[in-house]
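Enquirer: Take this sequence and fold it.
(one chain, ligands or ions: 3)
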Amino acid sequence: MNKHIVLLPGDGVGREITESAAEVLQAVAGDFGHTFTMEEQAIGGDAIDNVGTPLPDATIDACRNADAILLGAVGGPKWDGMSADKRPEKGLLGIRKALELFANLRPIKGFPSLLHASPLKETIIEDSDILIVRELTGGIYFGTPSERRDNGNKVVDTLVYEREEMERIIDKAFQSARLRRGHLTSVDKANVLESSRLWREIVEEKKNDYPDVTVEHMLVDAAAMQLITQPNQFDVLVTENMFGDILSDEASVLTGSLGMLPSASIRTDGVGLYEPVHGSAPDIAGCDTANPLGMILSAALMLRHSFGMESEASSIERSVRECLDQGYHTADLGMNGGQEVGTRQMTKAVLDHLTVKRVTDGI
Ligand code: NAD
Ligand code: IPM
Ligand code: MN
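Expert: Numbering: from 1, shown residues only. Ligands and ions are numbered 1, 2, ... in the order given. A predicted model of the protein is given here:
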């Protein structure tokens with residue numbers, strides 16, 4: 001198959017990890033007889049510096065015409081003082097909104113050899129396998145107007161959701177649960193927020209359409225605690241935009257590091273955007289120490305969800321697992337023993353394992 005991929009490296013470690021994932025994708029294309037053409041476009045602080053805006057029109061156009069998009073990360077201290085509209089993060093929010101990527105799928109599944117990389121007890125995290133389904137294009141992130149009043153002494157952020165925006169993400173979560181272990185935990189703050197009460201009502205209505213899925217409601221504060229004390233109770237966790245953002249960083253602790261988590265930002269049809277859950281990690285940018293695996297696993301999600309390439313996606317995931325089993329790990333995993341490697345070396349290890357498999361399989 002021929003596929004065209006837009007790369008949005010962005011800022012900080014974004015460029016380093018995007019290079020890693022692009023190399024892995026090209027190796028997989030070679031292994032399986034595909035052609036992936038790649039085109040780089042600017043977003044975030046990189047775009048502000050070069051074009052004067054965090055989301056240039058050329059980037060939106062290229063993304064609309066792509067078969068899939070791979071995004072590194074945006075943001076960093078250099079741009080932190082800029083106004084809301086000029087910030088790098090506005091570019092990321094803008095591309096999600098422009099492409100209507102309302103569903104952010106964040107799988108939280110640890111690798112066996114990383115069980116002892118988590119500060120949590122192995123008995124708590126073993127067997128945990130969660131899919132966080134985060135609403136991505138609504139809620140308080142997109143309220144208007146977000147502004148300061150009264151000479152800067154009063155702030156206004158509004159949380160708006162349309163019923164239809166809630167329905168489509170809740171449907172997506174039910175459908176995902178059906179393909180997994182059939183359990184859905186809906187997380188909200190219905191004891192305080194009207195938006196959460198409508199959300200809960202919709203989940204109750206929808207559950208009649210999915211009789212094979214069991215449903216539980218959980219308040220977000222309790223969910224934050226349950227995620228790290230009893231993660232095994234969760235199968236699919238669905239929630240609104242900001243709760244999903246916060247809970248997914250927390251859930252990354254189950255896997256050993258935020259640097260391990262991939263994500264898929266998708267809609268019902270059309271182009272999908274794939275991005276690690278972590279940010280631009282300015283504290284380690286340019287040091288060749290960033291963990292590229294969250295990004296490489298995001299590339300695997302791209303192959304699976306956008307291109308229907310299951311074997312190709314699995315070959316990347318298997319290669320990552322084998323590298324970790326052999327003790328390769330980056331500094332963020334804070335492990336004793338094995339071999340601590342940098343971004344480039346970890347990428348090379350993943351590539352080598354793809355090659356080993358190719359030879360073994362006789363492809
Ligand atoms: P962060 O996720 O960038 O970093 C948090 C911590 O995790 C840091 O100590 C960092 O070194 C570490 N870390 C993150 N990714 C890692 C990796 N791949 N390998 C090893 N360690 C890793 O969050 P932050 O520091 O709160 O935010 C920094 C900037 O990133 C901000 O400007 C923020 O807006 C932006 N951000 C962007 C995205 C995105 O583009 N998707 C996501 C989150 C944050
Ligand atoms: C994420 C990030 C973004 C978000 C920021 C950078 C706008 O934290 O993708 O998780 O909050 O959605
Ligand atoms: Mn986040």
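
Enquirer: Just want the phi and psi numbers for R267.
Expert: With angles defined as degrees, to the nearest 10, R267 sits at phi -130, psi -180.

Enquirer: near ligand 2, which residues of the stretch 101-250 of the chain?
Expert: Within reach of ligand 2 by Cβ under 6 Å from any ligand atom, the stretch 101-250 of the chain has these residues: D245. Yep, even glycine has a C-beta here, placed from its N, CA and C like the rest.

Enquirer: Point me to the residue of the stretch 101-250 of the chain nearest ligand 2.
Expert: Closest to ligand 2 within the stretch 101-250 of the chain is D245: 4.2 Å, counting by Cβ to the nearest ligand atom.

Enquirer: wait, what's in contact with the closest residue to that residue other than its chain neighbours?
Expert: Once flanking residues are discounted, D245 sits nearest to R134: 6.8 Å by Cβ to Cβ, 6 or more residues apart in numbering. Counting by Cβ atoms under 8 Å, 6 or more residues apart in numbering, R134 makes contact with 103-106, 239-241, 243-245, 248.

Enquirer: residues near the nearest residue to P145 once chain neighbours are set aside, how many?
Expert: Take P145 and drop its neighbours on the chain: the residue closest to it by Cβ to Cβ, 6+ apart is V156, 6.5 Å away. The tally of other residues near V156 (other Cβ atoms under 10 Å) stands at 11.

Enquirer: these two touch, right, V156 and D150?
Expert: No: applying Cβ atoms under 8 Å as the test, V156 and D150 come out as separate, 10.2 Å apart.

Enquirer: Averaging pLDDT per element, find the lowest-scoring helix or strand in this structure.
Expert: Every helix and strand of the chain was ranked by mean pLDDT, DSSP states H and E. The lowest is helix 343-361, at a mean of 87.

Enquirer: ok, and what's touching stretch 143-158?
Expert: 84, 140, 159-160.

Enquirer: Can you select the buried ones from these in ChimeraX?
Expert: Listed next is the ChimeraX selection for buried residues among those, using 16 or more other Cβ atoms under 10 Å:
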select :140,159
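
Enquirer: Just want to check the distance between the residue nearest in space to the middle of the chain and ligand 1.
Expert: Nearest to the geometric centre of the chain sits S263, at 2.4 Å (Cα atoms, centre = their mean). In this view, S263 and ligand 1 are 8 Å apart by Cβ to the nearest ligand atom, to the nearest Å.

Enquirer: before we move on, what about D188?
Expert: Counting by Cβ to the nearest ligand atom - D188 and ligand 1 are separated by 23 Å.

Enquirer: what residues does the stretch 251-363 of the chain put near ligand 2?
Expert: Residues of the stretch 251-363 of the chain lying near ligand 2 (Cβ under 6 Å from any ligand atom): 277, 279.

Enquirer: Once you drop chain neighbours, what's closest to the closest residue to ligand 1 within the stretch 151-300 of the chain?
Expert: Closest to ligand 1 within the stretch 151-300 of the chain is G279: 2.3 Å, counting by Cβ to the nearest ligand atom. Nearest residue to G279 in three dimensions, chain neighbours excluded: A73, at 5.0 Å (Cβ to Cβ, 6+ apart).

Enquirer: what do you get for K90?
Expert: Using Cβ to Cβ, 6+ apart, the nearest residue to K90 is P54, at 4.8 Å.

Enquirer: Near the one you found, how many other residues are there?
Expert: 29.

Enquirer: if we can go back for a sec, pretty sure the residue nearest to D245 sits in a strand.
Expert: Yes: counting by DSSP: H, G, I helix; E, B strand; the rest coil, R134 is part of a strand.

Enquirer: Can I get stretch 157-166 as CSV, trimmed to CA atoms?
Expert: Extracted in CSV, the C-alpha atoms of stretch 157-166 (Å, rounded to 0.1, in the frame of the first residue of the first chain):
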residue,chain,number,x,y,z
ASP,A,157,-13.1,30.0,31.6
THR,A,158,-16.3,28.4,30.4
LEU,A,159,-17.2,24.7,30.1
VAL,A,160,-19.6,24.1,27.3
TYR,A,161,-20.7,20.7,25.9
GLU,A,162,-23.4,19.9,23.3
ARG,A,163,-25.4,16.7,23.8
GLU,A,164,-24.2,15.4,20.5
GLU,A,165,-20.5,15.9,21.5
MET,A,166,-21.1,13.7,24.5
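
Enquirer: List the buried residues for it?
Expert: For stretch 157-166, the neighbour count (16+ other Cβ under 10 Å) marks 159, 161, 165-166 as buried.

Enquirer: Tabulate these (JSON lines), appending secondary structure and pLDDT.
Expert: Shown next, in JSON lines, are those (DSSP: H, G, I helix; E, B strand; the rest coil; pLDDT from 0 to 100):
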{"residue": "L159", "secondary structure": "coil", "pLDDT": "97"}
{"residue": "Y161", "secondary structure": "coil", "pLDDT": "98"}
{"residue": "E165", "secondary structure": "helix", "pLDDT": "98"}
{"residue": "M166", "secondary structure": "helix", "pLDDT": "98"}
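
Enquirer: Pick the one among the residues you listed closest to K348.
Expert: K348 has its nearest neighbour among the buried residues of stretch 157-166 in E165, at 42.9 Å by Cβ to Cβ.

Enquirer: Excluding sequence neighbours, find me the nearest residue to that closest one.
Expert: E165's closest residue in space is G138 (Cβ to Cβ, 6+ apart), at 4.5 Å.

Enquirer: Distance-wise, check the residue in the stretch 1-150 of the chain that ligand 2 sits nearest to relative to ligand 1.
Expert: Residue of the stretch 1-150 of the chain nearest ligand 2, by Cβ to the nearest ligand atom: E89 (4.1 Å). E89 sits at a distance of 5 Å from ligand 1 (criterion: Cβ to the nearest ligand atom).
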